[in-house]
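# need a 3D model of the sequence below.
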Amino acid sequence: MINPWIQFIISAALIVWAGSRLTRSAAVIAENTGIGTAWAGALLLPLATSLPELVTTLRAVMIDIPDLAVGNIFGSCLFNLSLLAVIDLVQGRGPLTSRVSTGHTLTASLSIITLSLALLAMQGLLIFPVGFIGLESIGIAAVYIFGSRFLFNYEKGKIKKPGPDLPVVHRGKVGSSTRSAIAQFTLAAALIVVAGVFVTDASDLIALETGLGHSFVGTIFLAISTSLPETVTTITAVRLGYLDMAVANVFGANLMNLFIIFLADLLYLGGPILAVVSAGHIFSALTVVLLSAIVIFGINYRSSFSLGGIGLDALLVLSGYLMAVYVLFSASG
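Next up, the predicted model:
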């Protein structure tokens, strides 16, 4: 039997490689079809970059570890928000939130609405089973479906009627045919699915061997590994000049990740999944809400103040993530 650490590293490396292919393919699809890079970042890329979270979460449910599943979701959302500081550092042209479209606040707000439903459920305030799933999970699915349609119409309107919030697109050398880009996008996504299964099984063994527990391993260890596609695609998008695609990918991935809670609830037969998980996940979800609100404020305020080349809001988000990691680690053992 292969060592779980080796299995984890190999699987994570495959996820990184596949993730780098996704951004270029999504950029080609966005350019050739005219759907806009912001929409591609908010809705198209997350369909693929959130595949590790989807596979690992559903796998954790199948092997009856709901805390690992839910911890993976909230932990991935936390880690994704910390990527905003990475974007700010890589682009190096002033505070990030002063240079991107204010439309990103819509996706971030949808995430906060979804998180609020999850928090109510974990507090036992909104657990009304519909069959074997919770009413809050149905609400989460509704927010994602109708919210995605709203975002699509919003971006479509911006393309037709450009206004002051239209993001500046710096086109990179990503030329290719649409058919070829779709094929590469699909193959990379399939590789991420396979690697996601192996990285989940490895994380389960690591949790047992180290004694850190499934909540901590899911929220930090597994979440970071499954967020590797978001990390790679986000940095690649910045380097190609698609700044709004990078930011949209962060918020879009979080919205997609939260939708996975609904899918996990469908698969979990032990009742509403948010009713059985550890109360420690409430802290993680509240931190995601807080950090998302900070970013929304920064995008609307558009401060020019920076420290070490990073905007103050991005620094606050990064500090919040590191604080959450410390608290969760302390609580785990």
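# which residue packs closest to residue 21, ignoring adjacent ones?
The shortest distance from residue 21 to any non-neighbouring residue, by CB to CB, 6 or more residues apart in numbering, is to residue 188 (4.2 Å). Yep, even glycine has a C-beta here, placed from its N, CA and C like the rest.
# and that neighbour, what element?
Using DSSP states H and E, residue 188 sits in helix 178-210.
# packing partners for the host helix or strand of residue 156?
Using DSSP H and E, residue 156 falls within helix 135-160. Applying 3 or more CB pairs under 8 Å, 6 or more residues apart in numbering; DSSP states H and E, one finds that helix 135-160 contacts helix 37-39, helix 104-122, helix 243-267.
# what mean pLDDT does the helix or strand where residue 24 lies have?
Residue 24 is located in helix 4-33, with elements delineated by DSSP H and E. Average pLDDT, helix 4-33: 77.
# can you check stretch 93-110 too?
Mean predicted confidence for stretch 93-110 is 86.
# could you pull out the buried residues of the helix holding residue 188?
Using 16 or more other CB atoms under 10 Å as the test for burial, helix 178-210 gives 181, 184-185, 188-189, 191-192, 195-196, 198-207.
# distance of residue 284 relative to residue 145?
Residue 284 sits at a distance of 24 Å from residue 145 (criterion: CB to CB, to the nearest Å).
# low pLDDT regions in the protein?
Applying pLDDT under 70 to the chain flags residues 1, 23, 33-42, 125-132, 158-176, 200, 204, 207, 211-222, 332-333.
# pretty sure residue 137 sits against residue 259.
No: using CB atoms under 8 Å as the test, residue 137 is too far from residue 259 to be in contact (9.7 Å).
# please name the nearest non-neighbouring residue to residue 123.
Among residues not flanking residue 123 along the chain, residue 282 sits closest, at 7.0 Å (CB to CB, 6+ apart).
# returning to that earlier point: for residue 5, which of the helices and strands packed on helix 135-160 is the nearest?
Each of the helices and strands packed on helix 135-160 has some distance to residue 5 by CB to CB; the shortest is helix 243-267, at 25.2 Å.
# rewinding a little: make sure the residue nearest to residue 123 is actually in contact with residue 120.
No: assessed by CB under 8 Å, residue 282 is found out of contact with residue 120, at 10.4 Å.
# do you know how far residue 231 is from residue 287?
Distance of residue 231 to residue 287, given as CB to CB: 19 Å.
# the residue lying closest to residue 137 once chain neighbours are set aside: neighbour count?
Excluding its sequence neighbours, the residue lying closest to residue 137 (CB to CB, 6+ apart) is residue 265, at 4.1 Å. Neighbour count of residue 265, defined by other CB atoms under 10 Å: 26.
# ok so, going back, output the helices and strands packed on helix 135-160 in CSV; the columns should cover distance to residue 316.
CSV is the format used below for the helices and strands packed on helix 135-160 (distance: least, CB to CB, whole Å):
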stretch, distance to residue 316
helix 37-39, 24
helix 104-122, 15
helix 243-267, 15
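# residue 21 is nearest to which of those?
Among those, the nearest to residue 21 by CB to CB is helix 243-267 (14.4 Å).
# following the closest one, which helix or strand shows up next?
Following helix 243-267 toward the C-terminus (DSSP H and E): helix 280-301.
# kindly calculate the angle that that following helix makes with helix 243-267.
150 degrees (axes from the mean of the first three to the mean of the last three CA atoms, to 10 degrees).
# mind listing what the following helix or strand past helix 280-301 pairs with, with the direction of each?
Remark: after helix 280-301, the chain's next helix or strand is strand 306-307, criterion DSSP H and E. In the sheet containing strand 306-307, its partner strands are strand 310-311 (antiparallel), by DSSP bridges.
# give me the residues contacting the strand it pairs with.
Outside strand 310-311, the residues within contact range by CB atoms under 8 Å, 6 or more residues apart in numbering are 85, 88, 89, 94, 95, 96, 97, 98, 298, 303, 305, 318.
# filter those down to the ones in strands?
In strands, defined here by DSSP state E, there are no members of these.
# just the buried ones from the residues you listed?
85, 88, 94, 95, 96, 97, 98, 298, 318.
# I'd say the third one and residue 307 touch.
Read that as residue 94. No: using CB under 8 Å, residue 94 is not in contact with residue 307; the gap is 12.0 Å.
# quick one: residue 58 from residue 206, how far?
19 Å.
# and residue 2, that's in a helix?
No: counting by DSSP: H, G, I helix; E, B strand; the rest coil, residue 2 falls outside a helix, being coil.
# could you give the angle of the one helix or strand residue 327 maps to to helix 280-301?
Residue 327 is part of helix 312-332 when elements are defined by DSSP H and E. In terms of direction (the same axes, to 10 degrees), helix 312-332 departs from helix 280-301 by 180 degrees.
# dump whichever strand or helix holds residue 236 to PDB, keeping only the CA atoms.
Take DSSP H and E as the rule and residue 236 turns out to sit in helix 228-240. Only the C-alpha atoms of helix 228-240 are listed here, as PDB (Å, rounded to 0.1, in the frame of the first residue of the first chain):
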ATOM      1  CA  LEU A 228      -4.700  24.200  -5.700                       C
ATOM      2  CA  PRO A 229      -6.600  24.500  -9.000                       C
ATOM      3  CA  GLU A 230      -8.000  27.900  -7.800                       C
ATOM      4  CA  THR A 231      -4.400  28.900  -6.800                       C
ATOM      5  CA  VAL A 232      -2.900  28.000 -10.100                       C
ATOM      6  CA  THR A 233      -5.700  29.300 -12.300                       C
ATOM      7  CA  THR A 234      -5.800  32.600 -10.300                       C
ATOM      8  CA  ILE A 235      -2.100  33.200 -10.600                       C
ATOM      9  CA  THR A 236      -2.100  32.200 -14.300                       C
ATOM     10  CA  ALA A 237      -4.900  34.600 -15.000                       C
ATOM     11  CA  VAL A 238      -3.100  37.500 -13.400                       C
ATOM     12  CA  ARG A 239       0.100  36.800 -15.300                       C
ATOM     13  CA  LEU A 240      -1.900  36.700 -18.600                       C
END
